[in-house]
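Participant: sequence and predicted model, in that order:
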Amino acid sequence: MATNSFPLDPAPLHVPDEVLDDLRRRLTATKWPLDVGNADGHYGVRRTDLQDLVAYWADGYDWRAAESAINAYENYRVEVDGVPVHFVRKPGVGPNPVPLILSHGWPWTFWHWAKVIDRLADPAAYGGDPADAFDVIVPSLPGFGFSTPLADRPDMNFWKIADVWHELMTGVLGYDKYAAAGCDVGALVTGQLGHKYADELYAIHIGSALKLTFFEGERAWDFSGGRPIPDELPDDVRARILELDKRFAVHLAAHMLAPSTLGYGLADSPTGMLAWMLERWTKWSDNGGNVESVFSKDDLLTHATIYWAGNAIDTSIRTYANNNRYPWTPSHDRWPVVEAPTGITFVSYENPPGVTTSEQRVQNFLESDRAAWYNHVNIACHDRGGHFIPWEIPAEWTTDLRNTMRPYRPSEH
């Protein structure tokens, strides 16, 4: 079921010196806005916070150290159906490793999986059972990170990425059957794999459980669906609705309605690009008001440099528009829509309005119209951790994924 010898030759990452020199030049030449009256962050990222981070990015941050850490894993570049794909691989250490592909989201990079790659590949090194080992494949989504330039596929979206992933795992790497996991947009990629290619998957595990039609409709960019908030709602529920609107609505609207217009600014200014992503990393992670409790400065700038060095910001945000422009097309009409056995990890930080406990979160899902979409076999919810689940609570994510996959592993290759 897995190849005995890997069919590709490793290609370690190396960002050219001239790219890093140009980055530093642009950072030091930043033209700063006044940011008057924004001490409370009401208008977005505060200049004081951003300016410190930009100064460190220009003079202090060491990309070569990050690059060395990334190159501790096997890196590969390959073209799949005309799509450039970069991925890292960690071979499994155990008697029967199952191939596993991990899909990230936005503003994620492949490196947001860094804290779970070793745990999944070598469970015994973390006190686990080597029988749970995976041969871990972590690609950059097409148009993200180093899966660039995406010159010939301006239409790429989540369900088209799933086709690329399936060809990567089966046609290119030669696996007969594999497992998949993902978060954010990567959860939709993984869900599509579980819909279209269920017979060739052991199981999937995802960080949310949205319907594959999530991005469809004339006003999909409007997180509220255009509905006014009812007057009779309790104050705490109203406040939670407004909090989630502010957390997610702005980037959904901008990325779906004018990604290229936004892209001109972000692709030309590393400071502008960092500000746009920093607001998401700050508001979406469970950090208690201090983003550096989740992401160190070096972590933040490693992810930002991956976007910058790959010139990926424009093509990455366009994925949202393409998710809406090219509606999801079912491959069959069977139910559940996602037939592959599915595990789900929720975090309380993203509880919907009116939900306050982990038990309620799971029940909320089971009573929703999303539950019928999935062949859900394992659902967990954790009281800590935010949107970047495998980065924020790597041990819990790893346990949840292993629990999902264990009953569906082959007895032998």
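Facilitator: Here it is on my side, so go on.
Participant: what's the worst-scoring helix or strand of the chain on mean pLDDT in contact with?
Facilitator: Averaged element by element with mean pLDDT, DSSP states H and E, the chain has its least confident helix or strand at helix 235-257 (a mean of 92). By Cβ atoms under 8 Å, 6 or more residues apart in numbering, the list of residues contacting helix 235-257 from outside reads 106, 215, 220-224, 229, 233, 262, 276, 280, 283-284, 317-321, 323-324, 351-354. From N, CA and C alone the C-beta is placed, and that goes for glycine too.
Participant: do the same with stretch 157-168
Facilitator: Taking contacts as Cβ under 8 Å, 6+ apart, the residues outside stretch 157-168 that touch it are 78, 80-81, 83, 85, 87, 101, 103, 137, 139, 141-142, 153, 180, 185, 188-190, 192-193, 196-197, 200, 212, 215, 319, 322-323, 325-326, 328-329.
Participant: how many other residues sit next to N351?
Facilitator: Taking other Cβ atoms under 10 Å as the neighbour definition, N351 ends up with a count of 18.
Participant: just checking, it touches Q363?
Facilitator: No: counting by Cβ atoms under 8 Å, N351 sits too far from Q363 to count as a contact (11.6 Å).
Participant: on the three-state scheme, H205 is what?
Facilitator: The three-state label given to H205 by DSSP: H, G, I helix; E, B strand; the rest coil is strand.
Participant: which residues in the stretch 301-413 of the chain form strands?
Facilitator: Ranges of strands within the stretch 301-413 of the chain are 338-347, 374-382, based on DSSP state E, counting those that start in this stretch.
Participant: what's the answer for the stretch 101-250 of the chain, then?
Facilitator: Using DSSP E, counting those that start in this stretch, the strands assigned to the stretch 101-250 of the chain run over residues 134-139, 178-182, 201-206.
Participant: now do the second one against strand 201-206, angle only.
Facilitator: Right, the one you point to is strand 178-182. Relative orientation of strand 178-182 and strand 201-206, computed by axes from the mean of the first three to the mean of the last three Cα atoms, to 10 degrees: 10 degrees.
Participant: just checking: what are the partner strands of strand 178-182?
Facilitator: For strand 178-182, the pairing partners within the sheet under DSSP bridges are strand 98-103 (parallel), strand 201-206 (parallel).
Participant: nearest to F388, out of those strands?
Facilitator: Counting by Cβ to Cβ, F388 lies closest to strand 98-103 out of the strands paired with strand 178-182; the figure is 12.9 Å.
Participant: let me know the angle separating that closest one from strand 134-139.
Facilitator: In this structure, strand 98-103 runs at an angle of 30 degrees to strand 134-139, with the same axes, to 10 degrees as the basis.
Participant: once you drop chain neighbours, what's closest to V78?
Facilitator: Distances taken as Cβ to Cβ, 6 or more residues apart in numbering put V85 closest to V78, at 5.4 Å, once the chain neighbours are dropped.
Participant: wait, what's in contact with G354?
Facilitator: Contacts for G354 were tallied using Cβ under 8 Å, 6+ apart; they are 234, 237, 240.
Participant: are any of these buried, and which?
Facilitator: 237, 240 (16 or more other Cβ atoms under 10 Å).
Participant: I'd like the contacts of G354 as JSON lines, with distance to A267 appended.
Facilitator: Formatted as JSON lines, the entries for the contacts of G354 read as follows, by distance: Cβ to Cβ, whole Å:
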{"residue": "P234", "distance to A267": "44"}
{"residue": "V237", "distance to A267": "39"}
{"residue": "R240", "distance to A267": "35"}
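Participant: which one of the contacts of G354 is nearest to V93?
Facilitator: Distance to V93, by Cβ to Cβ, is smallest for R240 among the contacts of G354, at 43.3 Å.
Participant: circling back: M169: which of the contacts of G354 is nearest?
Facilitator: Proximity of the contacts of G354 to M169 was ranked by Cβ to Cβ; the top entry is R240 with 39.0 Å.
Participant: how near is the closest one to G354?
Facilitator: 7 Å (Cβ to Cβ, to the nearest Å).
Participant: burial count for the closest residue to T305 other than its chain neighbours?
Facilitator: Once its chain neighbours are removed from consideration, T305 has its nearest residue in W63; the separation is 5.3 Å (Cβ to Cβ, 6+ apart). Number of residues near W63 (other Cβ under 10 Å) recorded here: 19.
Participant: starting at the chain centroid, how far to the least confident helix or strand of the chain?
Facilitator: Per Cα atoms, centre = their mean, to the nearest Å, the displacement of helix 235-257 from the mean C-alpha position of its chain is 19 Å.
Participant: and if you look at stretch 396-404?
Facilitator: Put simply, stretch 396-404 sits 17 Å off its chain's centre (Cα atoms, centre = their mean).
Participant: contacts only, for the residue nearest to V78.
Facilitator: 77-79, 139-140, 142, 147, 164, 168.
Participant: so the helix or strand containing it versus strand 98-103, what angle?
Facilitator: Using DSSP states H and E, V85 maps to strand 83-90. Relative orientation of strand 83-90 and strand 98-103, computed by the same axes, to 10 degrees: 130 degrees.
Participant: many thanks, we can stop here.
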